[in-house]
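In: The sequence isn't on hand, but the structure is:
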């Protein structure tokens, strides 16, 4: 379970290769990519920032939970931080599993939890020179 | 939309790269891989056979339908035929989309339809030297 | 393997006939011992007629009574009437992926 | 940017105090103009107390009244009592992926 934050560009194919085991019949690789538009505005780059230690811990927690919840062989998540251009991979999630159902469900669970829980933020830079923090999701905090 | 049957080994990463567009924020790559067991028996290889012309036509039909059904950027499906060893990729489905929800839904729809509709068969060879056709799914045929 | 057979009895008054090509795959090919058959059938023959005819042949009893069928590479109902030059494929349960 | 401030007024009778490190990220960092603050708080201070104290400081009014908070890298409720050496991070709405 390779679950981490990186400042390097992500080799998603290598990640998918690493999770595959001979007992697995399905490998699902999700990649989040910087796209050239958001909410109708033309985007040129995204700057990702993380509370790195906590984000790493959260990613590991998600990996462990998902591995318990679904019948999977292995899982890996890598999230990049720093300045990314259009077309660059911001996050890669690779899941291998004996059967496809678990692979799809686990992959989806990971990205949904990542977007709700992991302390990462992004600032969009627009073609017109402006930039702004992307509106995020209020993380769930345990009840008092 | 690159939707085809091949006898060559599949370069899944290249497929995923080809579907990505700058307007897409999510790329989902599903690979089906020959696994070393099935229904409790040890498997050494799978031999895939297709009604190639019809299977190609069906794959294209599925690509077109899914591209209409979901908001995706592009889609590609490659299914390999012939003798495959454990760990080799039998099928790769790459979907890119502006948003992840469409990518997941489209990818899942493709693999489910492929398994129900496309005239492909596989024969498992077991560690004990026996082999047998893998039980399949009766395709839906239009009502009279 | 290609076999040529005729569903038209000899010595009958000549009737119009159609020629169809039958394709057998995977388990069906193994059971029948042929991958292709070129058949002559009376004009107006349905897929159902073709199946019944085939199942009377030696070694072809193993073809199911209501297999999935594709005519010219499209799934087709069993009452489809066959035309000259049609390609009829018997499709065992599929197992791609 | 690191700022050192104290929530203990001078000239008071000495009270026991705890030292906490406050981390600010993304929009919160931009609004407050600092990424880290080292604070002294009275023993028994809760996160709620810390927030109220910070919001009284010049330039820190922009911190929301009930932000998501992590104490020692775990999300924690606002009534968490802070201990010596705690790391308290204010977590703006998250936007990974």
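Out: Thanks, I have it. Worth saying up front: this structure is predicted, and the values here are computed from it rather than measured. Numbering: from 1, shown residues only, chains lettered A, B, ... in the order given.

In: Which residues are in contact with the residue positioned nearest the centre of chain A?
Out: Geometric centre of chain A, nearest residue: residue A:91, 3.8 Å, by Cα atoms, centre = their mean. Residue A:91 makes contacts with A:10, A:30, A:31, A:32, A:77, A:78, A:79, A:80, A:111, A:114, D:96, D:97, as judged by Cβ atoms under 8 Å, 6 or more residues apart in numbering or on different chains. Every C-beta, even on glycine, is put in place using the N, C-alpha and C of the backbone.

In: restrict the residues you listed to those near chain B?
Out: Checking these against chain B by Cβ under 8 Å from any Cβ of the partner chain, the ones in range are A:30, A:31, A:32, A:111, D:97.

In: Give me the ChimeraX select line for these, limited to the buried ones.
Out: Applying 16 or more other Cβ atoms under 10 Å in any protein chain shown to these leaves a buried subset, and the ChimeraX line that selects it is:
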select /A:30,31,32,111 /D:97
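
In: Smallest gap between chain C and chain A, at which residue?
Out: Nearest to chain A, among the residues of chain C, is residue C:97, at 7.8 Å (Cβ to the nearest Cβ).

In: Enumerate every residue touching that residue.
Out: A:100, B:32, B:90, B:91, B:111, B:114, B:115, B:120 are the contacts of residue C:97 under Cβ under 8 Å, 6+ apart.

In: ok, the fifth one touching residue A:100?
Out: Yes: the pair residue B:111 and residue A:100 qualifies as a contact (Cβ atoms under 8 Å) at a distance of 6.2 Å.

In: Alongside chain B, which residues does chain C contribute?
Out: Going by Cβ under 8 Å from any Cβ, the residues of chain C near chain B are C:23, C:25-27, C:30, C:68-70, C:73-79, C:89, C:91-97.

In: which residues does the nearest residue to the residue nearest to the centre of chain A once chain neighbours are set aside bridge with?
Out: Spatial nearest neighbour of residue A:91, excluding adjacent residues (Cβ to Cβ, 6 or more residues apart in numbering or on different chains): residue A:32 at 4.2 Å. Beta-bridge partners for residue A:32, by DSSP bridges, are residue A:91, residue B:26.

In: Output the set of residues of chain C in proximity to chain A.
Out: Counting by Cβ under 8 Å from any Cβ, chain C sits next to chain A at residue C:97.

In: In chain C, where is pLDDT below threshold?
Out: By pLDDT under 70, the weakly predicted segments of chain C are C:1-14.

In: Now with 90, please.
Out: C:1-15, C:57-62 (pLDDT under 90).

In: what about residue C:53, neighbour count?
Out: Neighbourhood size, residue C:53 [other Cβ atoms under 10 Å in any protein chain shown]: 17.

In: thinking again about what came up before, ok, the residue nearest to the centre of chain A to residue B:141 distance?
Out: Separation of residue A:91 from residue B:141 (Cβ to Cβ, to the nearest Å) stands at 42 Å.

In: Next: residue A:144.
Out: 60 Å.

In: picking up where we left off before, residues shared between the contacts of residue B:111 and residue A:100?
Out: B:30, B:32, C:97.

In: Excluding chain neighbours, what is closest to the first one?
Out: When you say that, I think you mean residue B:30. residue B:93 (4.4 Å).

In: For the one you found, pull up the helix or strand it's in.
Out: In this structure, residue B:93 sits in strand B:89-97 according to DSSP states H and E.

In: Spell out which residues of chain A are next to chain B.
Out: Going by Cβ under 8 Å from any Cβ, the residues of chain A near chain B are A:12-13, A:16, A:20, A:22-37, A:86-87, A:96, A:98, A:100, A:103-104, A:107-108, A:111.
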